[in-house]
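Engineer: Kindly generate the corresponding structure for this input.
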Amino acid sequence: MRGLFALAAATDTAMALLGRSRERRLTKTALMPALAAELRPARLGAALGLAGSWVGDVALLRDDDRAFRAGLASFLGTHVAYAATFAARGERPKPLHVLPIAAATAASAAAFGRMAGPLRRPVMAYAATIGTMAAAATTLRGPGSGRVLAGAATFVASDSLLALARFGLAEKWRRPADAGVMATYTLGQWLIHDGLRRHS
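Structural biologist: Got it, this is the predicted structure:
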C-alpha cells in the first residue's frame with residue numbers, strides 16, 4: 001500500500017487497537033474513498049464492491065446485532081460484485097483450485113454458524129458468498145492475478161477473524177482482534193484493486 005490509503009489504513013488500525021471509537025467515525029469512513037481516489041476502479045463491479053464496503057464500514061461502527069446484520073448484507077453485496085468481476089474476466093474454474101476452497105468454506109460456515117446463535121443463517125450465507133468470491137479469484141490469469149487471489153484470501157482471513165472476535169473471543173482480546181481485522185481488511189482490499197488495475 002502507499003500514499004493516502006496507506007495512511008488511512010494505518011491510522012484506523014491504530015485507532016481500533018486503542019479502542020478510539022469516536023475517532024474511527026472519521027478514520028474508518030475515509031478508507032474506501034481513499035482507496036477509490038488512489039486506484040480509480042474502472043470496472044463497475046469493482047466500484048460497486050468499494051461502495052458496498054463503505055456502507056458496511058459505516059454500519060459496523062456500531063456494535064449491536066442490527067448494525068452487524070446491516071454490515072453483513074453490505075459486504076455480501078461487495079463479494080457478489082467482486083465475484084462477478086473476477087468471473088467475467090477469468091477462465092474456466094479448475095476443480096483442483098476450487099474444491100479446497102469449497103471444503104474450507106463449508107467447514108467455516110458450519111463452525112461460525114454454530115457460534116453465531118440467532119445470526120446463524122445470515123452468517124452461513126455470508127460465508128458461502130465470500131467463499132464463492134475467493135473461488136472466482138482463482139480463475140484470473142495474467143498480470144495482477146496473483147495479487148487479486150492474495151487479496152481475496154486476505155479478505156477471507158479478515159472476515160474469519162471478525163467472526164471469531166464477535167462470537168468466540170473474550171472481551172480482553174477484542175481490541176487486538178479488531179486491529180487485526182482492519183490490517184488484513186485494508187491489505188486485502190488494496191491487493192484486489194491493485195491486482196485488477198494491473199490485470200486491465
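Engineer: need the helix or strand of the protein with the lowest average pLDDT.
Structural biologist: Lowest by mean pLDDT, DSSP states H and E among the helices and strands of the chain is helix 95-116, with a mean of 91.
Engineer: For this structure, give me the ranges with low pLDDT.
Structural biologist: For the chain, applying pLDDT under 70 flags the ranges 1.
Engineer: The residue most central in space within the chain: what secondary structure?
Structural biologist: Of all residues in the chain, the one closest to the mean position by CA atoms, centre = their mean is residue 155, 4.0 Å from it. Secondary structure, DSSP: H, G, I helix; E, B strand; the rest coil: residue 155 is helix.
Engineer: hmm, back to that, what's next to the least confident helix or strand of the chain, contact-wise?
Structural biologist: For helix 95-116, the external contacting residues (CB atoms under 8 Å, 6 or more residues apart in numbering) are 120-121, 123-124, 127-128, 130-132, 134-135, 138, 160, 163-164, 167-168. (Each C-beta comes from the backbone N, C-alpha and C, glycine too.)
Engineer: With stretch 13-33 instead?
Structural biologist: Residues from elsewhere that reach stretch 13-33, judged by CB under 8 Å, 6+ apart: 5, 8-9, 11-12, 50-51, 53-54, 57-58, 61, 175-176, 178-179, 181-183, 186, 189.
Engineer: Which ChimeraX command selects the buried ones in the residues you listed?
Structural biologist: In ChimeraX, this line selects whichever of those come out buried by 16 or more other CB atoms under 10 Å:
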select :5,8,9,11,12,50,51,53,54,57,58,178,179,181,182,183,186,189
